[in-house]
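S.K.: fold the stuff below for me.
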Amino acid sequence: MKKSILFIFIIFSLTSVALDYKDFGKLPFFSNVTISPDGEKIAALANIEGKPYIVVTEFGSTNFNPIASLKNEYDRLEWIEWANNKKIIFQTSKAEKARERTFRVYDLNTIDSDGSNFKIIENKSIYKDKQNSYISKYESISLVDILEDEDNKILVSNYDPRERAVAIFEVNLKNNRFKKIESPFTDSDGDRVTNFIVSEGKIQFADFYDADEGIAKIFYRPNKDDSWTEIYRANTEDLATDNFYVGGVDKKDGNLFIYSNFDSNFSYISKFNVETGKLSKPIYSKKDHEIASLEVEDGEIKMVCYERFTRECDLFDPEENGIIKSLKKSFPDHYINISSYSKDFSRFIATIRNSNSPGKYFGFDKKTGKSFFISSQYPQLENKVNSITKVIEYKARDDYQLYGFLTLPQGIKNPPVILFPHGGPTARDRIDYFDPWLQAMVSQGYAVFQPQFRGSAGWGKDYQISGYRESGKKMQNDMIDGFDYVVQNYDLDGKKACIVGASYGGYAALTGSFQSQDKFKCFVSIAGISDFTKLLRSETFFRGSAKMNKIMHGDAFEDKEYLDSVSAINYTDKIKKPILLIHGTYDTQVPHNQSSMFYNKIKNSNDSVEYFEIPKATHYFDEQGNRLIMFREIERFLAENLN
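M.R.: Numbers count the residues shown, from 1 in each chain. You can find the predicted model right below:
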């Protein structure tokens, strides 16, 4: 029997009811909300009682029908998209072990919007040979494009045993038949190019990257019958400093829309002349902002998004831009983007968000002028988060200009402090999205400081490069200097403080445990790195990224002395403060032995170190039960050590 779920949302007023890990540790109730091409239906990913579902409803209704879910709770629903007005295409993944590392294997699937006709998109001819089947599993199928003008056809990238490489196939969704339309080609260097990029239904771009040799190339051809032309070449040193992204082809002159940061600290949009190989002067830039994305449609720039403290977008269509301006008037102090729209743009979905309020989805119908509320990402937290976020500008001890974000619990004087560095390290934080982990700590009465240490992305080329080979040194000092600054300049209890972080943030917490334990009462490392040398050696073997890692972090062999000097595993006899370690055995980014080895070495000399090794948990703790364990233990550990 088909079940129907009526989602009724009540927007609560601020209340004194205490929130805890069970509220903040829930996965997003709604995400990936998308509208069908004809604007008649809405599909989304929904987590219902801790289990992910694909749900569908008619536009204008919140009576969503769950049409599909996963049998294995540890597999993942990655994303959904409408293939046409009737059929939904979605990607799933599962973790697979190979030697001491974990990989994710991806599948593509389709299902009709009424829940019928589920199919796995697979080229069954591959599985005739057992070896080909094994190779294909680790060369996961991926969606390249949905052919809007061909109702039941898509383009996919998939392993082709005849080529012994990945090729592009056109797939008929009615009968699941594969038709190869693009084969790998060999360039003038003798390199085999297998990665193709589709622009508006055309295979016009291809790229090649050899991590071992440190070479990247981009190729272009105007039409299928034309020869491929190399338009860009970079070595590892170039890639570590410069970027070059193709957005599409200008229909007026055939030149390419590019965003890059050549000869500039911040990225900008320009045009690339294929015949001359030269870039034009910038045609679009935002002072002190990084270009985050460029969308080209029908040969014209449709949207540009840019970042500094927040991510915002400029829409080049006057009507669409007017809609955004109108919505901003209705939702002051919020950030708004049109996240999905019908083919004729008569109906669309807008996402409304800010750092202290969960993201919300609204549907809009331009013809009727009506709008309706679809869902909150975290309905249980609506109007219950009482915090304020401030942008912090401060100087490091070497006078380098730095930035950070301080989130304060309202109504609490002299709160304890959490230093909360981001992962990456070439990542960043922003103040335009809602982070339930951050807000979980604020709700318990802690002030949370997020330092944007040098090496962080999104603050300009110089800012990022200045962090290269500075892990455990200037990057770590930046975090501590930011902590000192907010403690000195705001009403905070700096004597009650802890470092909490995940991934590289977990590395920073463990590094703080031997470099700065006089300043902090405790340290929390989630999926963190304790042995930088071992990690980089593992990365070299499994990912072939030795040259890039050498520039950014150091050579795993030549720089062993430095890397060992900034690895917590070599200081276990000196670390005396409480540490909480949490790591999942299905982590595909940082092997869980980074935590288990550290714990086994320190447990006899420091009995205040705790380790939770969570079976089948991923790097992101994206299964409900595992996520709740993580939030629960962090809440408990901080309360025991700071309150």
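S.K.: quick one: the strands in the stretch 101-250 of the chain, in order.
M.R.: 101-112, 119-121, 142-146, 153-160, 165-172, 177-182, 185-186, 192-193, 195-199, 202-210, 215-220, 229-235, 244-249 (DSSP state E, counting those that start in this stretch).
S.K.: one more: the stretch 301-450 of the chain?
M.R.: Counting by DSSP E, counting those that start in this stretch, the strands of the stretch 301-450 of the chain are 311-315, 335-341, 347-354, 357-365, 370-376, 387-395, 401-409, 416-419, 447-452.
S.K.: now tabulate those strands in JSON lines and tack on mean neighbour count, distance to Asp207 and mean pLDDT.
M.R.: For the C-beta atoms, the positions are set from N, CA and C on the backbone; glycine is no exception. Listed next are the strands of the stretch 301-450 of the chain as JSON lines, based on neighbours: other CB atoms under 10 Å; distance: least, CB to CB, whole Å; pLDDT from 0 to 100:
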{"stretch": "strand 311-315", "mean neighbour count": "18", "distance to Asp207": "25", "mean pLDDT": "89"}
{"stretch": "strand 335-341", "mean neighbour count": "19", "distance to Asp207": "27", "mean pLDDT": "90"}
{"stretch": "strand 347-354", "mean neighbour count": "21", "distance to Asp207": "30", "mean pLDDT": "92"}
{"stretch": "strand 357-365", "mean neighbour count": "21", "distance to Asp207": "32", "mean pLDDT": "94"}
{"stretch": "strand 370-376", "mean neighbour count": "18", "distance to Asp207": "37", "mean pLDDT": "94"}
{"stretch": "strand 387-395", "mean neighbour count": "15", "distance to Asp207": "36", "mean pLDDT": "95"}
{"stretch": "strand 401-409", "mean neighbour count": "21", "distance to Asp207": "32", "mean pLDDT": "97"}
{"stretch": "strand 416-419", "mean neighbour count": "26", "distance to Asp207": "39", "mean pLDDT": "98"}
{"stretch": "strand 447-452", "mean neighbour count": "26", "distance to Asp207": "30", "mean pLDDT": "98"}
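S.K.: looking at those strands, which is closest to Thr92?
M.R.: Ranking those by their distance to Thr92 (criterion: CB to CB) puts strand 335-341 first, at 20.6 Å.
S.K.: report the buried residues of stretch 485-504.
M.R.: For stretch 485-504, burial by neighbour count (16 or more other CB atoms under 10 Å) applies to 485-487, 490, 492, 494, 496-504.
S.K.: in those residues, find the pair that's most separated.
M.R.: Tyr490 and Ser503 (27.2 Å).
S.K.: mind checking the strands of the stretch 301-450 of the chain for the one nearest to Ser513?
M.R.: For these, proximity to Ser513 was assessed by CB to CB; strand 416-419 is nearest, at 12.0 Å.
S.K.: and the closest one, which strands flank it?
M.R.: strand 447-452 (parallel), strand 493-502 (parallel) (DSSP bridges).
S.K.: can you redo the ones you listed as JSON lines with distance to Ser270?
M.R.: JSON lines is the format used below for these (distance: least, CB to CB, whole Å):
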{"stretch": "strand 447-452", "distance to Ser270": "27"}
{"stretch": "strand 493-502", "distance to Ser270": "37"}
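S.K.: helix/strand/coil for the nearest residue to Lys343 once chain neighbours are set aside?
M.R.: The spatial neighbour of Lys343 that comes closest, neighbours along the chain excluded (CB to CB, 6 or more residues apart in numbering), is Pro37 at 4.4 Å. Of the three states, Pro37 takes coil under DSSP: H, G, I helix; E, B strand; the rest coil.
S.K.: quick check, Pro37 in contact with Glu148.
M.R.: Yes: with contact defined as CB atoms under 8 Å, Pro37 reaches Glu148; the gap is 7.3 Å.
S.K.: overlap in contacts, those two.
M.R.: Here Pro37 and Glu148 have Lys343 as joint contacts, going by CB atoms under 8 Å, 6 or more residues apart in numbering.
S.K.: now do the contacts for Ser596.
M.R.: 583, 611, 613.
S.K.: Asn337 too?
M.R.: Counted by CB under 8 Å, 6+ apart, Asn337 has contacts 305, 313, 324, 350-351.
S.K.: surely Asp107 is in contact with Val156?
M.R.: No: contact criterion CB under 8 Å: Asp107 and Val156 do not qualify, at 11.2 Å.
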